[in-house]
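[1] take a look and give me a structure for this.
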Amino acid sequence: MRSAVTSAFTSPDLRKKILFVLGIIILYRLGAMIPSPGVDYRQVHSCLDEVSKGNSAGIYSLINMFSGGALLQLSVFAIGIMPYITSSIIVQLLTVVIPRFEQLRKEGQAGQAKMTQYTRYLTVALALLQSTGIVALADRGDLLRDCSTGDQILRDQSIFGLTIIVLTMTAGAMVVMWFGELITERGIGNGMSLLIFAGIAARLPAEGKQILDSRGALVFSLVLLAALIIIAGVVFIEQGQRRIPVQYAKRMVGRKMYGGSSTYLPLKVNQAGVIPVIFASSLLYLPNLLVQLTTSGNQAASGWQKFVQTYLVDPSNYVYIIVYFLLIIFFTYFYVAVTFNPQERADEMKKYGGFIPGIRPGQPTADYLGYVLSRITLPGSIYLGVIAVLPNLFLEIGNNGGVQNLPFGGTAVLIMVGVGLDTVKQVQSQLMQRKYEGFLK
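    Below you'll find the model as predicted:
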């Protein structure tokens, strides 16, 4: 990896792309530190210091992690990339339900541009809805519940002042979406993933210092050792794949013979990536968020509200851990079934004269691919569940609240390792392409 990065900086074109990505990331982090108009910046930081001992950010920790801590600071980029991720997932899942989206997906580049347009429209709606909810919670003092002056972080609490903050956060989410698309088009790697990577990485020094100050050097060293073991395991599983051999029959086109080559179809153990963890986390946050929005200070909690507050708020509760683990397994199978269609792959192989040795083309090939996919999805889903609940099991080590804030476990490690591996592979492919260009010239 070190040689690939060093070689990338020696190439003028690649160096320009890497510097462009770094410039966008710097702008993104600057926007994450600029407070929205009408927000008392000193009061926010005072509340953050006060609630760092509690768990008030529990249900917002996923969004706060993706935004690099910008959410609880109510900055311009407080909403971050989360609305675009959610809208992309929704549009992708709707291709199975809505025939129009399925048709657009098969139309190639023109259809993909249309679906991207729909994704942007949905992102605006979700960003507006999400920013409205966050500002409403901040106005009521529920965003930072353990802070004694949590309802004073907004200077102007009039309708006009709150509207300005909502519009600023919505516009910030659109700018972040634009940053991600610019990185994808003119830089290296997936822009949205790199912005999430930057947000998570920006919080690592502060989280590490918190562990060192609160738990001591011994626990800090043990956490680093555990982090290295987890990262090694994640890299090992992320690189694992089942290679199904595919043989292409020879065919005559004019006077030339084509085909006759052998290749393989790679099926990754973790075919779904980190999406099931995001789905499960978001779904577990919804009941707690509804309880906060539907209860007032003097109102007695109902039966379902007591159940949610008892079992689905504390990340170290055994019910929370079991439900979280089962949701990850369910969404892993669901997402793999949506994104990988064995019937389509079998039809494509049959169209181009490809077949799996020992398996007849057509429906038998589709059945075989479905069987293999279901077999490797099980260990992949268990792996995702185990990595995601590790911070829950070791919640008392290095973190005083907010399971997703544990810097070296769960979703953070999955995203950082996955994005890092994908970016390095893209850099290596760009270098290889330029080497071949040198031979052709």
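
[2] for stretch 159-174, what is the average pLDDT?
    The pLDDT scores in stretch 159-174 average 90.

[3] next, the distance between the ends of stretch 24-42.
    End-to-end distance of stretch 24-42 (CA to CA, to the nearest Å): 27 Å.

[4] ignore what I typed, I meant stretch 349-361.
    8 Å.

[5] residues in contact with it?
    Residues outside stretch 349-361 that contact it (CB atoms under 8 Å, 6 or more residues apart in numbering): 244-249, 251, 259, 346, 348, 362, 365, 368. (Each C-beta comes from the backbone N, C-alpha and C, glycine too.)

[6] from the residues you listed, which land in strands?
    Ile244, Pro245, Val246, Gln247, Tyr248, Arg251 (DSSP state E).

[7] domains of the chain?
    Under the assignment automatic domain parsing, the domains of the chain span 1-187, 207-441.

[8] so can I have TSV of the ones you listed showing distance to Ile200 and mean neighbour count?
    Output for the domains of the chain, formatted as TSV (distance: least, CB to CB, whole Å; neighbours: other CB atoms under 10 Å):
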stretch	distance to Ile200	mean neighbour count
domain 1-187	6	18
domain 207-441	5	16
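
[9] can you tell which of these is closest to Gly199?
    Gly199 lies closest, by CB to CB, to one member of these: domain 1-187, at 3.1 Å.

[10] that's a strand at Pro357, yeah?
    No: with DSSP: H, G, I helix; E, B strand; the rest coil as the criterion, Pro357 is coil rather than part of a strand.

[11] thinking again about what came up before, closest one to Ala280 out of the contacts of stretch 349-361, please.
    Relative to Ala280, the closest of the contacts of stretch 349-361 is Ile244; by CB to CB it sits at 29.0 Å.

[12] so what's the closest one closest to, chain neighbours aside?
    Among residues not flanking Ile244 along the chain, Leu265 sits closest, at 4.4 Å (CB to CB, 6 or more residues apart in numbering).

[13] what helix or strand is the one you found on?
    Using DSSP states H and E, Leu265 maps to strand 262-268.

[14] sheet partners, orientation included, of that strand?
    Strand 262-268 sits in its sheet next to strand 241-248 (antiparallel), going by DSSP bridges.

[15] show residues contacting the strand it pairs with.
    259-269, 349, 352-357, 369, 372, 376.

[16] follow-up on the earlier one: pLDDT averaged over the next helix or strand after the strand holding Leu265, what's the number?
    Later in the chain than strand 262-268, the nearest helix or strand by DSSP H and E is helix 275-294. In this model, helix 275-294 carries a mean pLDDT of 74.

[17] now swap in stretch 211-225 and tell me
    Mean predicted lDDT for stretch 211-225 stands at 80.

[18] now that stretch, how far from the centre of its chain.
    Here stretch 211-225 is found 27 Å from its chain centre; the criterion is CA atoms, centre = their mean, to the nearest Å.

[19] and for stretch 304-320?
    Worked out by CA atoms, centre = their mean, stretch 304-320 lies 24 Å from the chain centre.

[20] stretch 267-282 now?
    With CA atoms, centre = their mean as the basis, stretch 267-282 stands 9 Å off its chain's centre.

[21] now the end-to-end length of it.
    Distance across stretch 267-282, first residue to last, is 27 Å (CA to CA).

[22] what's the most distant pair in the contacts of stretch 349-361?
    Arg251 and Tyr368 (23.2 Å).

[23] still on that earlier bit, distance to Ala201 added to the domains of the chain, as CSV?
    Below are these laid out as CSV (distance: least, CB to CB, whole Å):
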stretch, distance to Ala201
domain 1-187, 8
domain 207-441, 7
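
[24] for Ser193, which of the ones you listed is the nearest?
    Per CB to CB, nearest to Ser193 of these: domain 207-441, 4.5 Å.

[25] ok now the closest one, how far from the chain's centre?
    The answer for domain 207-441 is 10 Å, by CA atoms, centre = their mean.

[26] again with stretch 156-170
    28 Å.

[27] now it - C-alpha only, CSV.
    Extracted C-alpha coordinates of stretch 156-170, given in CSV (Å, rounded to 0.1, in the frame of the first residue of the first chain):
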residue,chain,number,x,y,z
ASP,A,156,-33.2,33.1,18.7
GLN,A,157,-36.1,30.6,19.4
SER,A,158,-38.6,32.4,17.3
ILE,A,159,-40.2,30.8,14.2
PHE,A,160,-38.1,32.9,11.9
GLY,A,161,-34.8,32.0,13.7
LEU,A,162,-35.6,28.3,13.8
THR,A,163,-36.5,28.4,10.1
ILE,A,164,-33.1,30.0,9.2
ILE,A,165,-31.3,27.2,11.1
VAL,A,166,-33.3,24.5,9.3
LEU,A,167,-32.6,26.0,5.9
THR,A,168,-28.9,26.4,6.7
MET,A,169,-28.6,22.8,7.7
THR,A,170,-30.5,21.6,4.7
